[in-house]
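*Asks:* Fold the following, please.
(one chain, ligands or ions: 1)
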Amino acid sequence: MAFFSLSFFKIHPQLSKIVAKMTFFDALLFYIVHLVDKLDLWHRLPVLLGLAYMGIRRHLHQRYNLLHVGEINGQKYDTEEFCYRTADGKCNHPSDDTVGSQGTFFGRNMPPSSSAYGLLDPHPTVVATKLLARKKYIDNGKQFNMIACSWIQFMIHDWIDHLEDTKQVELTVPEDIGSSCPMKSFKFFKTKRVPTASLDMKIGSLNTRTPWWDGSVIYGNNDEGMRRVRTFKDGHLRITRDGLLDHDEKGIPISGDVRNCWAGFSLLQALFVKEHNAVCDMLKENYPDFDDEKLYRHARLVTSAVIAKVHTIDWTVELLKTDTLLAGMRLNWYGLLGKKFKDLFGPILGPILTGLVGLKKPRDHGVPYSLTEEFVSVYRMHCLLPDELIIRDIKSTEPEYESPPIQEEVPMKEMAGKEGERRLSKIGMEQMMVSMGHQSCGALTLWNYPSWMRDLVVHDINGEDRPNRADMAALEIYRDRERGVARYNEFRRNLLMVPISKWEDLTDDEEIIKALREVYGDDIEKLDLLVGLHAEKKIKGFAISETAFFIFLLIASRRLEADRFFTTNFNSQTYTEKGLEWVNKTETLKDVIDRHFPDMTRKWMRCSSAFSVWDSEPNPKNYIPLYLRPAT
Ligand code: HEM
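*Replies:* So this is what the prediction gives:
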């Protein structure tokens, strides 16, 4: 019926303003996308049509949702000389050595928020208490396990972290909700705001990690970090005999990034150190004249590509479990013609037919590569974390594929920081991996923010405990506002989405609507982004909101196509023939686990991906070719 009402054809004035700046062709594409959105249709279309929709949307975002922050003043350099990933991310962009290096600006996907609401409107602790705080743990069912949860933290610590100011802020809980808050007040460092020489974006913030997909989570973000983790023998990284990370005299792990670590996160770091060292050994065997430096550089390229591939065609496919997204993610890596064609003939036919990886030249769509403020905000996924980690007894003599029995439930707080490291060394790598594989992680929904994170010991950049604890739920609300990230409805409009016009457009849940009214009244424009993302009705199969997904659609491709080492230099000259073969033969996290623990998945994993709950059913066989499948 909505089809025939006048309001159906109306476009929000902010959207009209954006469309007015588009070319005629792009405006036409926008109207197609907008019509499909109004009918809430794209995710219900057959795979090929769904892909076409995503292709058009990504094109529009590449044109209208990439904003550069800061100056562009790097130097030209010799790309032949720097045909490896440098310690601080310099020398990747083909003509500007600084793009994407440590300490460069976060970009933006939209202008800073234009709303006039204050930093404390409504108070972040009120939002946290009334809308975010966990009432009862809600999990993700069989779709996503604790390895998947740790994986995304592993990625975040590869890509992004904001530089802090030396000035502190104190948030004091208003009296009327005081009794329901774990802390009466808490102090934290402001985000450092840095002036830029640019006229459009006068201020921005800096990324202390290298935003490239360069494995900095295990290799470090600069020369000093890189030196800490290397053994300088045979290209290897430091690891202990039990296969876990080494620690310094204070008990802090020695790895590329150690801030706010917990046992599940350091487990993945250790797994990929093992992977790096195994690549070094393979290279040494095949290229005996390679010295330590050459082995290290090539193994870093290979291991970073394995990480990027696992994320693209394994993790993301489990996060967004529909045929259309399975096709979309495989298309990004292999193209429409698929793996067999690409393995045989190489990436010869451009992005659509043979994928983004291996393109002749990197593509940044006219905007130098960085990760963005909005990307950080949609990755605020602390609700994935449970209250307890369930440790399984893997020595039990249960028949194959039955879940190993529960041995112990450990509060997550005890699995974090130095205490978590101590516990992990007792549990060991195998038992921890199998346990995490069998536990579902938390769902990204309201009232599911882990209570233990509302009184959290936070780390500084060196992994040391800070004296001031934080209410993370309230802090996250504050951070988005402080950084000028648009609130939910403005965010949607800037992303060319249909805005909500009443709470009922966001959710059918009456209890949630009542709580939203209590906090924001009837002012839907005031709704915080984090709350909106967690309240939004989800597309079937998606563990995240559609709004967050559209940022992913843009950035997931960009991380590959803007990187010289996934495009021009994704070849056997740069990676070595055997190195490239290693990447091409590794498809999933299961492949990596199998390499280092040959019996583990055979014995304990029943499902198809290491990111789903391990005792769940494997994906059913589907004889219809992927691209010809109907709507799911
Ligand atoms: C035990 C596990 C974890 C702990 C203790 C932890 C703790 C923290 C802390 C203290 C911050 C900085 C807060 C601030 O000052 O703004 C932070 C930031 C962040 N965390 Fe986590 N986190 C954990 C897991 C995760 C997971 C699973 C994700 C999933 C995506 C995640 C995503 C983020 C993001 C996106 C930021 C913002 C980074 C930035 O501001 O640049 N974290 N986390």
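
*Asks:* wait, isn't T316 in contact with L325?
*Replies:* Yes: with contact defined as C-beta atoms under 8 Å, T316 reaches L325; the gap is 7.3 Å. All C-beta atoms are positioned from the backbone trio N, CA, C, and that covers glycine.

*Asks:* Settle it for me: which of those two has more neighbours?
*Replies:* Higher neighbour count among T316 and L325: L325, with 26 against 19, using other C-beta atoms under 10 Å.

*Asks:* residues in contact with the closest residue to that one other than its chain neighbours?
*Replies:* Using C-beta to C-beta, 6 or more residues apart in numbering and skipping the chain neighbours, the partner closest in space to L325 is V317 (6.6 Å). Neighbouring residues of V317 by C-beta atoms under 8 Å, 6 or more residues apart in numbering: 325-326, 329, 609.

*Asks:* and the ligand, which of these reach it?
*Replies:* Near the ligand, judged by C-beta under 6 Å from any ligand atom, there are no entries from the contacts of V317.

*Asks:* Can you get me a residue count around M600?
*Replies:* Using other C-beta under 10 Å, M600 has 20 neighbouring residues.

*Asks:* Can you name the residues that contact it?
*Replies:* If a contact means C-beta under 8 Å, 6+ apart, then M600 has 430, 433-434, 593-594 as its contacts.

*Asks:* E482 and the ligand, how far apart?
*Replies:* In this view, E482 and the ligand are 9 Å apart by C-beta to the nearest ligand atom, to the nearest Å.

*Asks:* So that residue sits against L119, correct?
*Replies:* Yes: here E482 reaches L119: they are 6.4 Å apart, a contact under C-beta under 8 Å.

*Asks:* Reformat the contacts of M600 as CSV; add distance to L271.
*Replies:* Output for those, formatted as CSV (distance: C-beta to C-beta, whole Å):
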residue, distance to L271
E430, 11
M433, 8
V434, 13
I593, 7
D594, 12
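
*Asks:* and G420, what element?
*Replies:* Counting by DSSP states H and E, the element that carries G420 is helix 417-427.

*Asks:* Sort out which residues of that helix are buried, please.
*Replies:* Buried residues in helix 417-427, defined by neighbour count with 16 or more other C-beta atoms under 10 Å: 417-418, 420-421, 423-424, 427.

*Asks:* Residues touching the next helix or strand after that helix, excluding its own?
*Replies:* For helix 417-427, the following helix or strand on the C-terminal side (DSSP H and E) is helix 429-438. For helix 429-438, the surrounding residues in contact (C-beta under 8 Å, 6+ apart) are 145-147, 150, 242-244, 263-264, 267, 270-271, 389-392, 394, 403-404, 424, 427, 593, 597, 600, 604-605, 610, 613-615.

*Asks:* and if we set it to 6 Å?
*Replies:* For helix 429-438, the external contacting residues (C-beta atoms under 6 Å, 6 or more residues apart in numbering) are 145-147, 243, 264, 267, 391-392, 394, 403, 604, 614.

*Asks:* Would you state the helices of the stretch 201-350 of the chain in chain order?
*Replies:* Using DSSP state H, counting those that start in this stretch, the helices of the stretch 201-350 of the chain run over 216-219, 223-229, 263-286, 292-310, 316-319, 323-334, 338-345, 350-354.

*Asks:* Alongside the ligand, which residues does the chain contribute?
*Replies:* Proximity of the chain to the ligand is confined to 149, 152-153, 156, 160-162, 188, 260, 262, 376, 379-382, 384-385, 416, 458, 475, 479 under the rule C-beta under 6 Å from any ligand atom.

*Asks:* looking at it, R629 is touching T322, isn't it?
*Replies:* No: between R629 and T322 there is no contact under C-beta atoms under 6 Å: 9.7 Å.

*Asks:* Tabulate the CA atom coordinates of stretch 115-129 in CSV.
*Replies:* The C-alpha trace of stretch 115-129 is given here as CSV (Å, rounded to 0.1, in the frame of the first residue of the first chain):
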residue,chain,number,x,y,z
SER,A,115,23.6,18.6,15.2
ALA,A,116,23.6,21.0,18.1
TYR,A,117,23.2,18.5,20.9
GLY,A,118,25.7,18.8,23.7
LEU,A,119,28.3,16.2,24.7
LEU,A,120,26.1,15.3,27.7
ASP,A,121,22.7,15.3,26.1
PRO,A,122,21.4,12.9,27.3
HIS,A,123,24.1,11.9,29.8
PRO,A,124,26.2,9.0,28.5
THR,A,125,25.8,7.1,31.8
VAL,A,126,22.0,7.4,31.5
VAL,A,127,22.2,6.0,27.9
ALA,A,128,24.5,3.2,29.1
THR,A,129,22.4,2.3,32.1
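
*Asks:* Could I get the buried residue list for it?
*Replies:* For stretch 115-129, burial by neighbour count (16+ other C-beta under 10 Å) applies to 122-129.

*Asks:* Buried ones among the contacts of M600?
*Replies:* With neighbours counted by 16+ other C-beta under 10 Å, the contacts of M600 contain buried members at 430, 433-434, 593-594.

*Asks:* rewinding a little: return the member of the contacts of V317 nearest to H68.
*Replies:* Ranked by distance to H68 (C-beta to C-beta), the contacts of V317 are led by M329 at 26.9 Å.

*Asks:* Enumerate every residue touching the closest one.
*Replies:* Contacts of M329 by C-beta under 6 Å, 6+ apart are 312-313, 316-317.

*Asks:* least trustworthy helix or strand in the protein by mean pLDDT?
*Replies:* Lowest by mean pLDDT, DSSP states H and E among the helices and strands of the chain is helix 6-9, with a mean of 66.

*Asks:* how far away is the residue lying closest to I500 once chain neighbours are set aside from G215?
*Replies:* Leaving out its chain neighbours, the residue that sits closest to I500 by C-beta to C-beta, 6+ apart is L506, at 5.2 Å. Separation of L506 from G215 (C-beta to C-beta, to the nearest Å): 38 Å.
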